[in-house]
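**Q** Just to be clear, the model below is a prediction. Sequence and coordinates:
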Amino acid sequence: MLAPDWAWGHYARALVVREREPEDAARELQSCITADPTAKEAYDLLIELQEKRLHRIDDALGTATQLASQKDIRPTLRMSQMWRLELVKSDYSEESKNTPNDELKQLTSRTQEVNMPEAICAGYLYLLKDAANAKLVQEKIESLDPGWTPERGWIYTRINTNRSGVPRYVVLVNRQIALNQKVTEVTGVIDIGPAEKIERLEQLLLHDPNRELRRVIFQKIFDIAIKSNDPQTALKYGLLLNRIDADDSALLADLARVLADRPVLLDQAAYFAQRAKRLTDKFRPAKRPLNTPQSLFDEVFPVATQRVQYSRNRAKALDTIGWVFVQSGRPKQGEPFLRGALRIEKTEERLHHLGQALQRLNRVAEAMEVNLEAQNFLAASIRTKFISEKIDDLQTQSLEGQAINLVEFKGKVILVTFWASWCVPCRQEIPELKLLFEKFKEQGLKIIAVSIDEDIDKARTFVVDNKLPFLVADDRSLAKQFIEQGIPLTLFIDKMGALRYRKLGYDAADARDATGVPNTWSVALI
């Protein structure tokens, strides 16, 4: 039994009864606050009950005002509820925003310590949506504390994996969060080339990232170098990553692959390919990174998952060393490795590598057979993902005011993508959609890009800046009919108006998928 005169005993009792007896829970929470006026969690739960369950907005505002008066609680934790509920009470009308706006201005003018302006800045940004005044408050904070950042006190965590699939726990705080955001912004820019992206990321390395963020930046640069076929940059950052993680066999395989395309770098390619092969000659349990809790590692990467990932890494290593032999003029030595990789996991690229080896061995008939299989492999793999769902008539309006009606496009294949200008994967996908449209528009492809931007002007600016050649609409109500998990969401609709293919998210492989789908129209989409 909980002692009635213990503050947190009242809080515990409230947790037990809040679902079936919200009134009793509210009384327990008020008792908790009376006994301990700094009990922040009790205030928050009481406000939630009063506002959402008991529908007493004045009581909720009174509790929030009491919370705001507790000087022992940081302003960023105690002020926002009061300002928010003032807006809720007045139904967020434009007129009602004047009161908290005036209050924030008065607080800003008379405060000379940093904590209160932090709360004021958050109020402008997240409640009043007033970026201009938020910026003015930030400038005052910086004058009071030159070392201040908006992310001070924040903790950002995520699970990052190396190229072999081994997870590690990444924790960023304060300025490291802001720096990580800049990394995301650079990698998400779509109107600059790989060389400029790499240069901007290298500049961020000069801003003292911690060990984990430095590793993330190394990975980003290495990824760009691999995708853009830049062997010198890949070699530089591949070696840096290898020093951090010597057991990443997939890293070594990817590095060997890009080096193998340059005759003068074949010796180095062979060295890294051999190392990748040796690392995968037998299954070894993955080493847990020191900064990753054992319980998290076991949950995210259990032994069964490790074995699956090992097979993929082994296939990549075998294909890589086989391809290095082919590029070195020794296709006979490479053939067994290439076939070993295909036995583990068949891909279009691996079939292509084997076809090249057979061609160079003058086994022309076998080479033609394998090359034909490679040509058909991508379309065949995509066809297995096809669905056939009835789709209600889709109607919307383009940014220029043109009516868009799915019925009018009957007889054509339609790609509908849901996106937003602030969405990094969406921005990365747009250049691929432009290429796709140019390649297949003469065959009847229609693309409708539906923005879910809250600020329509941002969508318009993005469309103009990136010269989007297809139809663009702004329709959040339409998006709600289809979006369940996130964006970008891509839908392929066949000539009869049926939904045949659905793709959530974007990565580099999507460009091949998207190109491959139209190639199969005559087989599967008609």
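**A** Everything's here; your move. Numbers count the residues shown, from 1 in each chain.
**Q** Can you tell me the element the closest residue to Ser31 other than its chain neighbours falls in?
**A** Nearest residue to Ser31, sequence neighbours excluded (C-beta to C-beta, 6 or more residues apart in numbering): His10, at 4.3 Å. Every residue, glycine included, has its C-beta placed from N, CA and C. Here His10 sits within helix 7-17, counting by DSSP states H and E.
**Q** quick one: contacts of that helix?
**A** The contact list for helix 7-17 (C-beta atoms under 8 Å, 6 or more residues apart in numbering) reads 2-4, 24-26, 28-29, 31-32, 35-36, 39, 41-42, 45.
**Q** where does the stretch 201-350 of the chain dip in pLDDT?
**A** Filtered on pLDDT under 70, the stretch 201-350 of the chain yields no residues whatsoever.
**Q** Pull the contacting residues for the residue most central in space within the chain.
**A** Centroid-nearest residue in the chain, with C-alpha atoms, centre = their mean: Pro425, separated by 6.7 Å. Taking C-beta under 8 Å, 6+ apart as the criterion, Pro425 is in contact with Ile487, Pro488, Gly505, Tyr506, Asp507.
**Q** Per-residue pLDDT of the spatially closest residue to the third one that is not a sequence neighbour, please?
**A** In this structure, Gly505 finds its nearest non-sequential neighbour in Pro425, 6.1 Å apart by C-beta to C-beta, 6+ apart. In this prediction, Pro425 carries a pLDDT score of 82.
**Q** contacting residues around the following helix or strand past the helix holding His10?
**A** For helix 7-17, the succeeding helix or strand toward the C-terminus, using DSSP H and E, is helix 22-35. The contact list for helix 22-35, computed with C-beta under 8 Å, 6+ apart, reads 4-8, 10-11, 13-15, 17-18, 39, 42-43, 45-46, 49-50, 53-54, 63, 66.
**Q** ditto for stretch 247-263
**A** 162-166, 222, 225-226, 229-231, 234-235, 238, 241-242, 245, 265-266, 268-273, 275-276, 279-280, 286-287, 313, 316-317, 319-321, 323-324, 327.
**Q** can you list the domains in this structure?
**A** 7-144, 157-345, 389-525 (automatic domain parsing).
**Q** want to throw those domains into JSON lines with distance to Arg360?
**A** Output for those, formatted as JSON lines (distance: least, C-beta to C-beta, whole Å):
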{"stretch": "domain 7-144", "distance to Arg360": "61"}
{"stretch": "domain 157-345", "distance to Arg360": "4"}
{"stretch": "domain 389-525", "distance to Arg360": "25"}
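**Q** Surely Asp59 touches Arg53?
**A** No: between Asp59 and Arg53 there is no contact under C-beta atoms under 8 Å: 11.4 Å.
**Q** between these two, which one's more packed in?
**A** Asp59 (17 against 14; other C-beta atoms under 10 Å).
**Q** who touches the more buried one in this structure?
**A** Gln50.
**Q** And what about it, helix, strand or coil?
**A** What DSSP: H, G, I helix; E, B strand; the rest coil gives for Asp59 is helix.
**Q** pLDDT weak spots in the stretch 51-200 of the chain?
**A** 92-101, 112-114, 147-153, 190-191.
**Q** please redo it, this time with the cut-off set to 80
**A** 76, 90-130, 133-134, 137-155, 174, 188-192 (pLDDT under 80).
**Q** likewise the stretch 351-500 of the chain?
**A** Ranges of the stretch 351-500 of the chain meeting pLDDT under 80: 378-394, 407, 410, 424, 455, 476-481, 483-486.
**Q** can you pull out the strands in it?
**A** Using DSSP state E, counting those that start in this stretch, the strands of the stretch 351-500 of the chain run over 389-390, 395-397, 403-405, 414-419, 446-451, 471-474, 489-493, 498-504.
**Q** For the second one, buried residues please.
**A** Residues of strand 395-397 classed as buried under the neighbour-count rule (16 or more other C-beta atoms under 10 Å) are Thr396.
**Q** Tell me the one of the contacts of Pro425 nearest Thr347?
**A** Asp507 (15.2 Å; C-beta to C-beta).
**Q** ok so, going back, now the contacts of helix 7-17: which count as buried?
**A** Buried among the contacts of helix 7-17 by 16+ other C-beta under 10 Å: Ala25, Ala26, Glu28, Leu29, Ser31, Cys32, Ala35, Ala39, Ala42, Leu45.
**Q** Is the last one inside a helix or a strand, and which specific one?
**A** Here Leu45 is covered by helix 40-48, with elements defined by DSSP H and E.
**Q** Give the burial count for Phe325, as a bare number.
**A** Neighbours around Phe325, by other C-beta under 10 Å: 23.
**Q** Going forward, the N-terminal residue is numbered 717.
**A** Shifting the count to begin at 717 puts that one at Phe1041.
**Q** nearest residue to it other than its sequence neighbours?
**A** In space, Phe1041 is closest to Gly1050, 3.1 Å off (C-beta to C-beta, 6+ apart).
**Q** so what's that neighbour up against?
**A** Ile1037, Gly1038, Trp1039, Val1040, Phe1041, Val1042, Ala1073.
**Q** Before we go further, it is sitting in a helix, right?
**A** Yes: counting by three-state DSSP, Gly1050 falls inside a helix.
**Q** how far away is the residue nearest to the centre of the chain from Pro910?
**A** Going from Pro1141 to Pro910 by C-beta to C-beta, to the nearest Å gives 17 Å.
**Q** Asn1092 too?
**A** 31 Å.
**Q** Give me the buried stretch members for the longest helix belonging to the chain, please.
**A** When the chain is scanned for its longest helix (criterion: DSSP state H), the result is helix 1019-1043. By neighbour count on 16+ other C-beta under 10 Å, the buried set for helix 1019-1043 is 1022, 1025-1026, 1029-1043.
**Q** How about stretch 1168-1182?
**A** Ile1168, Asp1169, Ala1175, Arg1176, Phe1178, Val1179.
**Q** ok now the longest helix of the chain, how far from the chain's centre?
**A** 26 Å (C-alpha atoms, centre = their mean, to the nearest Å).
**Q** go on, stretch 880-897?
**A** That offset, for stretch 880-897, works out to 13 Å (C-alpha atoms, centre = their mean).
**Q** show me what contacts Ile1164?
**A** Ile1164 neighbours (C-beta under 8 Å, 6+ apart): Leu1110, Thr1112, Ile1120, Ile1130, Leu1131, Val1132, Thr1133, Phe1186, Leu1187, Val1188, Ala1189.
**Q** nearest to Val899, of those?
**A** Thr1133 (25.2 Å).
**Q** Check the gap between the closest one and Leu895 for me.
**A** Taking C-beta to C-beta, one finds Thr1133 at 31 Å from Leu895.
**Q** again, but for Ala966
**A** Taking C-beta to C-beta, one finds Ala966 at 26 Å from Leu895.
**Q** got it, and Gln746?
**A** 44 Å.
**Q** List the residues that contact Pro791.
**A** So Pro791 contacts Asn831, Met832, Glu834, Ala835 (C-beta under 8 Å, 6+ apart).
**Q** For ChimeraX, what selects the buried ones among these?
**A** Filtering the contacts of Pro791 down to the buried ones (16+ other C-beta under 10 Å) takes a single ChimeraX command:
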select :832,834,835
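**Q** just to revisit the earlier point, distance to Val905 for the strands of the stretch 1067-1216 of the chain - can I get that in CSV?
**A** Formatted as CSV, the strands of the stretch 1067-1216 of the chain follow (distance: least, C-beta to C-beta, whole Å):
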stretch, distance to Val905
strand 1105-1106, 35
strand 1111-1113, 28
strand 1119-1121, 29
strand 1130-1135, 16
strand 1162-1167, 18
strand 1187-1190, 20
strand 1205-1209, 21
strand 1214-1220, 23
